[in-house]
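Undergrad: Quick one, structure for this:
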Amino acid sequence: MPRDNRILIAIGAGAAVILAVILALVFSGGRERNAEPPPAAQGGLTVDVAEAPTLDATRELRCYVAGQFVGMATLADCARRNGLATDALDVGIDETGALVAAPTASFAPPPSEPPVELTESAPVPAAVDSTEPAQPSPQPAVAVGQCLRHTGSEWRMLSSSMTLNACVQALYSGTCVRPGDAQYGRWGETTLRLVPRRVEQSPDNNRFTTLAEQDRSCQFPGLR
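TA: Prediction:
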């Protein structure tokens, strides 16, 4: 092919490319540009919370004070009865499925005390006759009591004579509960409650304090 023809073909191809670029700019310039950045540039999912449900301030809930049901009350009134600010009060579901307000609403309130037939006193050691020859001082007696488990609907006896530590081990060793859950038991006149990472005790089925910490294996290394 003559050299002049090759030069003409190259010039024609260049002109075609330049024309295509110009036409693309003309057509794209006539479109409206969206001023907003693309969704991927906005940090992923955007959630509109404007329509999130809110608790009606005038709605009455089942109100618990110190673990005891005191009747229906608004959230503000229940907080006042508990001596707390409204935003410090928890709202949750009790064992009946009803909406409740309490300082620890995530835990179901303690069940009623066991019936009398399950709480008869354990036998006590016989008294020592003072006329007998003196014996070496005996070891201090270890307190024992009845150990019961609450199944969610009733109390069931595990033992009629057991130490507190042994009762806790029998009830909860190897058992962990999820946040918000609680399991109840009873040793003598003491209510026991297993919550995440610890067992609590209450002498009045009302105010609870920590009895023993639970490790990640759901055991109680501090109890012997």
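
Undergrad: Strands along the protein, start to end?
TA: Secondary structure of the chain (DSSP state E): strands located at 60-65, 68-74, 90-93, 99-102, 145-150, 155-162, 183-187, 190-195, 198-202, 209-213.

Undergrad: Looks like Val142 contacts Thr163 (just checking).
TA: Yes: with contact defined as C-beta atoms under 8 Å, Val142 and Thr163 form a contacting pair (5.6 Å). Where C-beta positions appear, they are placed from N, C-alpha and C, glycine not excepted.

Undergrad: Out of the strands of the chain, the one nearest Pro115 is which?
TA: Closest to Pro115 of these, according to C-beta to C-beta: strand 155-162, at 7.3 Å.

Undergrad: which of the residues in that closest one are buried?
TA: Buried residues in strand 155-162, defined by neighbour count with 16 or more other C-beta atoms under 10 Å: 155, 158-159, 162.

Undergrad: tell me the domain boundaries of the protein?
TA: For the chain, automatic domain parsing gives the domain ranges 60-102, 116-123+142-213.

Undergrad: So for the shortest one, mean pLDDT?
TA: With pLDDT averaged residue by residue, domain 60-102 scores 75.

Undergrad: now swap in the longest one and tell me
TA: Mean pLDDT, domain 116-123+142-213: 86.

Undergrad: show me where the protein has helices.
TA: Taking DSSP state H as the criterion, the chain carries its helices at 3-29, 75-81, 164-172.

Undergrad: I'd like the C-alpha coordinates of the shortest one written as PDB, please.
TA: What follows is helix 75-81 as a C-alpha-only set of coordinates in PDB (Å, rounded to 0.1, in the frame of the first residue of the first chain):
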ATOM      1  CA  LEU A  75     -43.400   4.500  84.100                       C
ATOM      2  CA  ALA A  76     -42.800   7.800  86.000                       C
ATOM      3  CA  ASP A  77     -44.900   6.800  89.000                       C
ATOM      4  CA  CYS A  78     -43.200   3.400  89.200                       C
ATOM      5  CA  ALA A  79     -39.800   5.000  89.100                       C
ATOM      6  CA  ARG A  80     -40.800   7.400  91.800                       C
ATOM      7  CA  ARG A  81     -41.900   4.500  94.000                       C
END
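
Undergrad: Now do the buried residues in that helix.
TA: Buried-residue list, helix 75-81, by 16+ other C-beta under 10 Å: 75, 77-79, 81.

Undergrad: Nice, that's everything, thank you.
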